[in-house]
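S.K.: sequence unknown, structure follows:
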């Protein structure tokens, strides 16, 4: 398929008014300035900490661009509009940095509620959850480090396991696919083990549970290969969501501080190669793997399309899904959907202040990813020029 599929800006921005496009243009111009992103991030956190009223400004700019709304009702219009063009939604109640047991239970209840919404809505084929929204980050870290838990921590970890099990079990009962987010290297070992147990338990008939693989980590392909080898004769199937990764600068700083080898590939080129090698690995093991390609990289998406053709998979084959974040990669999402592929946008929602860690990560990620924001800007400018000629 020609790369021109992703240059069709009329399809990409069909849902955006001219004002929407100009707002997006200003936002991405700001995001391309790394120093400015750093200053604005620190200023925003400072102002929120001291309860200075700036939520209205955030909601009207970065929040509205990258998030669906404060609650499900606010997201509804966006979900319906995207579905009208063939793009599905994945509701992500993006709450981070929780510490208290009642907060973890509240987050768990929210995930169950989202599965209920999802099972009755064919516009929302997946649910998603962040593991550390169900238990303390430090507890995940301790389990990942294989440090012995004391009796109170064992009980606490038991509650985390139960929440995982109940969410994935309810997803299976509701016939809703569920994506388990990846997190930082220091907690990922525990997440991987929990995700594997969920796959072994619930991916027998069809794939319900997907573990997220961050391919800016150089050790992830050996990890998947070891799982394939170990469980090649098992009855369950794997579900993997492939991403490049979201914690690059933090991971490198932490490795330097703690004195261990960085888990991150040295260059973007290495990460891109790692991602594409993983796509090959998925197709080489299609009999035991379903996967979700979550990428804003046009070449990687084109590679998947070519592989699907070579393996004679129909465009809408359920084994392969494509996904992008809401507010990014519209040229990929809407043009894939137009051509009949399975596509879903991850649509974060929740209170403005709760989504700040997510929004800051999006801003930092865009300012540090070579060419990503510039590509978004080029596409927006192309569409504005196209519309000016009508």
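M.R.: Okay, I see it. As the structure is a computational prediction, the values presented were derived from the model and not from experiment. Numbering: from 1, shown residues only.

S.K.: what secondary structure does residue 183 sit in?
M.R.: Following DSSP: H, G, I helix; E, B strand; the rest coil, the label given to residue 183 is coil.

S.K.: find the nearest non-adjacent residue to residue 185, please.
M.R.: residue 263 (4.6 Å; CB to CB, 6 or more residues apart in numbering). Where C-beta positions appear, they are placed from N, C-alpha and C, glycine not excepted.

S.K.: do I have it right that the one you found meets residue 250?
M.R.: No: using CB atoms under 8 Å, residue 263 and residue 250 do not qualify as a contacting pair, with a distance of 11.3 Å.

S.K.: which one of these two has more residues nearby?
M.R.: residue 263 (21 against 14; other CB atoms under 10 Å).

S.K.: so where's the stretch 251-390 of the chain uncertain?
M.R.: Within the stretch 251-390 of the chain, the segments meeting pLDDT under 70 span 361-371.

S.K.: same thing but 80
M.R.: Counting by pLDDT under 80, the stretch 251-390 of the chain shows low-confidence ranges at 353-373.

S.K.: which parts of it are helices?
M.R.: Secondary structure of the stretch 251-390 of the chain by DSSP state H, counting those that start in this stretch: the helices cover 268-284, 298-310, 330-338, 356-368, 372-388.

S.K.: identify whichever of those lies nearest to residue 257.
M.R.: When the helices of the stretch 251-390 of the chain are compared by CB to CB, helix 356-368 sits nearest residue 257, at 18.2 Å.

S.K.: mind checking how far residue 245 is from residue 353?
M.R.: Residue 245 sits 25 Å away from residue 353, going by CB to CB, to the nearest Å.

S.K.: all strands for the chain, in order.
M.R.: Counting by DSSP state E, one finds strands in the chain at the ranges 88-93, 126-129, 177-180, 209-214, 238-243, 289-294, 320-325, 343-349.

S.K.: show me where pLDDT drops low in the stretch 51-200 of the chain?
M.R.: Residues of the stretch 51-200 of the chain meeting the criterion pLDDT under 80: 51-61, 94-98.

S.K.: where along it do the helices fall?
M.R.: Under DSSP H, counting those that start in this stretch, the stretch 51-200 of the chain gives helices at 55-58, 64-66, 72-84, 101-119, 137-144, 151-173, 185-202.

S.K.: just send those helices back as a markdown table, with mean neighbour count and distance to residue 333 too.
M.R.: A markdown table is the format used below for the helices of the stretch 51-200 of the chain (neighbours: other CB atoms under 10 Å; distance: least, CB to CB, whole Å):
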| stretch | mean neighbour count | distance to residue 333 |
| --- | --- | --- |
| helix 55-58 | 14 | 24 |
| helix 64-66 | 19 | 14 |
| helix 72-84 | 15 | 8 |
| helix 101-119 | 17 | 19 |
| helix 137-144 | 18 | 31 |
| helix 151-173 | 16 | 23 |
| helix 185-202 | 20 | 26 |
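
S.K.: those: which one's closest to residue 347?
M.R.: Residue 347 lies closest to helix 72-84 among the helices of the stretch 51-200 of the chain, at 6.0 Å (CB to CB).

S.K.: tell me the gap between that closest one and the middle of its chain.
M.R.: Here helix 72-84 is found 19 Å from its chain centre; the criterion is CA atoms, centre = their mean, to the nearest Å.

S.K.: returning to what we had before: nearest to residue 162, out of the strands of the chain?
M.R.: strand 126-129 (13.9 Å).

S.K.: pull the residues that contact that closest one.
M.R.: 88, 90-92, 107, 111, 114-115, 118, 167, 171, 176-181, 210, 292, 321, 344, 346 (CB atoms under 8 Å, 6 or more residues apart in numbering).

S.K.: still on that earlier bit, so which of the helices of the stretch 251-390 of the chain is the most packed in?
M.R.: helix 330-338 (a mean of 24; mean count of other CB atoms under 10 Å).

S.K.: show me what that one is packed up against.
M.R.: If you count contacts as 3 or more CB pairs under 8 Å, 6 or more residues apart in numbering; DSSP states H and E, helix 330-338 packs onto helix 9-12, helix 298-310, strand 320-325, strand 343-349.

S.K.: hmm, try it at 10 Å
M.R.: helix 9-12, helix 72-84, helix 298-310, strand 320-325, strand 343-349, helix 372-388 (3 or more CB pairs under 10 Å, 6 or more residues apart in numbering; DSSP states H and E).

S.K.: wait, which of these is closest to residue 268?
M.R.: Of all those, helix 372-388 comes closest under CB to CB, at 10.2 Å.

S.K.: now for the closest one, which elements pack on it?
M.R.: Contacts defined by 3+ CB pairs under 10 Å, 6+ apart place helix 372-388 against helix 9-12, helix 18-31, helix 330-338, helix 356-368.

S.K.: circling back to that earlier point, with distance to residue 357 added, can I get the helices of the stretch 51-200 of the chain in JSON lines?
M.R.: Putting the helices of the stretch 51-200 of the chain into JSON lines (distance: least, CB to CB, whole Å) gives the following:
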{"stretch": "helix 55-58", "distance to residue 357": "13"}
{"stretch": "helix 64-66", "distance to residue 357": "12"}
{"stretch": "helix 72-84", "distance to residue 357": "19"}
{"stretch": "helix 101-119", "distance to residue 357": "14"}
{"stretch": "helix 137-144", "distance to residue 357": "12"}
{"stretch": "helix 151-173", "distance to residue 357": "20"}
{"stretch": "helix 185-202", "distance to residue 357": "15"}
